[in-house]
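Participant: Build me a model:
(one chain, ligands or ions: 1)
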Amino acid sequence: MDKFVIRGGKKLRGAVEVSGAKNASLALMPATLLAPGQYAFQRTPMLRDVTTMSRLLETMGLKITRTDHTLRIDSSEVTSFEAPYEHVKKMRASIYVLGPLLGRFGQADVSLPGGCAWGPRPVNLHLEGLRKLGAHIELEGGIIRARAKRLRGARIVFDVSSVGATGNVMMAAVLAQGTTVIDNAAMEPEIAALGEFLVRMGAKIEGVGTNHLEIEGVDALHPADCVTIPDRIEAGTLLVAAALSGDREGSVRVEKCNPGHLSALTTKLEDVGAQLTIGKDFIEIVPPETIRPVNVTTSIYSGFPTDMQAQWIALMSLSKGTSVITETIYSDRFMHVPELVRLGADITVNDNIATVVGVEKLTGAKVMSTDLRASASLILAGLVAEGTTEVLRVYHLDRGYEQIEKKLSQLGADIERASGEEF
Ligand code: UD1
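Facilitator: Here you go, the predicted structure:
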């Protein structure tokens, strides 16, 4: 298993480009099950999760090739309606095949995703939504067995705004008979991107990007091409890296991002004391002289994303004061905290609230990646820590950050990938 070796203290400056959004690609790729034919997705990030989704779709008969960042999918033949556990266990987003398979073929057998590093992650909203559309769903031997003749439009009000459930139900409803209304729909940009793509495929959806979707089912869809939106979490992670380790004599320019998707974060970075220049597709940041403590509460879009919480805690670890970070999406998503404490951070967690007392410095140590964003926070801390930090089990990072070490090195960080020891 690879590890990252980081010699901390290097000042970051320069420009770096953001890749396409992982969470958009993972929703777009299964949408090709909805209509047979050839698709080209430009700006697909080269990530382990994208490979996992490709392998899963290949087991269903799809043909997938990649040239640089263009992913081509041929969905002319779909030969299986099953998502086996070996794929689903690697990545919860595998459940995205459920809606399109059911919508087009009336049949899907998808292994039930398990929990993950930070606790249970239910799929009840996906199943309730699909049941409302008339699907007959049973759980049998750890498998979701869903059947339907043709789905029928219905009114669905999600108790909780869910990215995955909105995507799944939307993909099922576009081929249903009649009109589906989804209230409390997720408004995350990746779901808006999926909605726009489905519209280009011929779907009739009103309200894309809002929490109220009206979908009029059509009899058939057709292939469409797509340029994947920029990854707002990767962009955010690079901005926090610059806020922590940037060079005040220079700046870090995060390019090819969508600043409109990042406003909850950029406002908080300004509160911290960073100077930001926000362009149409770039954000330039000069780090603060001293990091002011700033509280955040995670929430659904357009609030502060839970996928940036771990990185924010890393930043607050070096603030001049005490900050409170409240996690409202996944109440126990704090696996990074004990590892940051190993680097010298002063953080206590009570229920879903982390209190961070800023320290003078962090000191390098061996730390363990536990999940994707937790790993990102350890890298950020390692960049600024005194001495050498080894972040073990970087396969978590490879799931969601394209060549993070290359991008950070390009900015002047001293970070390298090495083969790590087993744990
Ligand atoms: C997606 C993102 C993930 C991000 C999360 C929240 C992808 C591939 N992943 O995950 O990076 O952290 O959104 O922004 O896009 N819930 C239920 N029942 C369900 C589904 C969800 O109770 O059936 C709850 C969850 O426990 C959580 C909340 O709803 O508290 C939001 O989760 P959801 O938006 O569904 O997350 P994912 O789609 O899994």
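Participant: At the contact with the ligand, which residues of the stretch 1-150 of the chain appear?
Facilitator: For the stretch 1-150 of the chain, the residues in contact with the ligand (CB under 6 Å from any ligand atom) are Asn23, Leu26, Arg92, Ala93, Arg121, Pro122, Val123, Asn124, Leu125, His126. C-betas here are computed from N, CA, C, even on glycine.
Participant: which one in those residues is the model shakiest on?
Facilitator: Note: of these, the lowest pLDDT belongs to Arg121, at 76.
Participant: Would you confirm that it contacts Arg92?
Facilitator: Yes: at 6.2 Å, Arg121 and Arg92 qualify as touching, with contact defined as CB atoms under 8 Å.
Participant: which residues do the two both contact?
Facilitator: Here Arg121 and Arg92 have Pro113 as joint contacts, going by CB atoms under 8 Å, 6 or more residues apart in numbering.
Participant: With neighbour numbers in mind, choose between those two.
Facilitator: Legend: neighbour count by other CB atoms under 10 Å for Arg121 and Arg92, higher for Arg92 (17 against 13).
Participant: Just confirm that one contacts Pro113, I think it does.
Facilitator: Yes: with contact defined as CB under 8 Å, Arg92 counts as touching Pro113 (4.3 Å).
Participant: Return the helix or strand containing Ala146 as PDB; C-alpha atoms alone will do.
Facilitator: Assigning secondary structure by DSSP states H and E places Ala146 in strand 143-147. The C-alpha trace of strand 143-147 is given here as PDB (Å, rounded to 0.1, in the frame of the first residue of the first chain):
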ATOM      1  CA  ILE A 143     -29.300  -7.700  -2.100                       C
ATOM      2  CA  ILE A 144     -31.800  -5.100  -3.100                       C
ATOM      3  CA  ARG A 145     -34.100  -6.900  -5.600                       C
ATOM      4  CA  ALA A 146     -36.200  -4.300  -7.400                       C
ATOM      5  CA  ARG A 147     -38.800  -5.000 -10.100                       C
END
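Participant: Who are the packing partners of the next helix or strand after it?
Facilitator: Following strand 143-147 in sequence order, the next helix or strand is strand 155-157 (DSSP H and E). Other helices and strands packing on strand 155-157, by 3 or more CB pairs under 8 Å, 6 or more residues apart in numbering; DSSP states H and E, are helix 124-132, strand 179-183.
Participant: Following element in sequence after the longest one, please.
Facilitator: Downstream of helix 124-132, the first helix or strand assigned by DSSP H and E is strand 136-140.
Participant: Could you report the neighbour count for Ser76?
Facilitator: 12.
Participant: nope, Glu416 is what I meant
Facilitator: For Glu416, the neighbour count with other CB under 10 Å is 12.
Participant: Val324 now?
Facilitator: Val324, neighbours per other CB under 10 Å, totals 14.
Participant: For the chain, identify the residue most remote from the centre.
Facilitator: Within the chain, Lys149 marks the point farthest from the mean C-alpha position, 33.1 Å out by CA atoms, centre = their mean.
Participant: How is Ala374 assigned, secondary-structure-wise?
Facilitator: What DSSP: H, G, I helix; E, B strand; the rest coil gives for Ala374 is helix.
Participant: Roughly how far does the nearest residue to it once chain neighbours are set aside sit from the ligand?
Facilitator: Nearest residue to Ala374, sequence neighbours excluded (CB to CB, 6 or more residues apart in numbering): His336, at 3.6 Å. His336 is 14 Å from the ligand, where distance means CB to the nearest ligand atom, to the nearest Å.
Participant: Then Arg72?
Facilitator: Note on Arg72: its distance to the ligand, by CB to the nearest ligand atom, is 22 Å.
Participant: Tell me the strands beside the helix or strand encompassing that residue, with direction?
Facilitator: Element membership for Arg72, per DSSP H and E: strand 70-74. Strand pairing for strand 70-74, determined by DSSP bridges: strand 38-42 (antiparallel), strand 63-67 (antiparallel).
Participant: Could I get those strands in TSV, plus columns for mean neighbour count?
Facilitator: Listed next are these as TSV, based on neighbours: other CB atoms under 10 Å:
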stretch	mean neighbour count
strand 38-42	17
strand 63-67	13
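Participant: who wins for proximity to Ala15 among those strands?
Facilitator: Minimum separation from Ala15 across those (CB to CB) falls at strand 38-42, 21.2 Å.
Participant: Could you give the separation of that closest one from the chain centroid?
Facilitator: 21 Å (CA atoms, centre = their mean, to the nearest Å).
Participant: Identify the residues contacting that strand?
Facilitator: If you take CB under 8 Å, 6+ apart as the criterion, strand 38-42 is touched by 20, 25, 28-29, 32, 69-76, 223-228.
Participant: repeat that with 7 Å
Facilitator: For strand 38-42, the surrounding residues in contact (CB atoms under 7 Å, 6 or more residues apart in numbering) are 25, 28, 32, 69-74, 223, 225-228.
Participant: now swap in stretch 65-76 and tell me
Facilitator: If you take CB under 7 Å, 6+ apart as the criterion, stretch 65-76 is touched by 20, 29, 32-33, 36-44, 46, 57, 62-64.
Participant: quick one: the helices in the stretch 301-423 of the chain?
Facilitator: 309-316, 336-342, 372-384, 395-400, 404-410 (DSSP state H, counting those that start in this stretch).
Participant: need those helices in JSON lines with mean neighbour count and mean pLDDT, can you?
Facilitator: Below are the helices of the stretch 301-423 of the chain laid out as JSON lines (neighbours: other CB atoms under 10 Å; pLDDT from 0 to 100):
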{"stretch": "helix 309-316", "mean neighbour count": "28", "mean pLDDT": "98"}
{"stretch": "helix 336-342", "mean neighbour count": "21", "mean pLDDT": "97"}
{"stretch": "helix 372-384", "mean neighbour count": "28", "mean pLDDT": "96"}
{"stretch": "helix 395-400", "mean neighbour count": "21", "mean pLDDT": "90"}
{"stretch": "helix 404-410", "mean neighbour count": "18", "mean pLDDT": "97"}
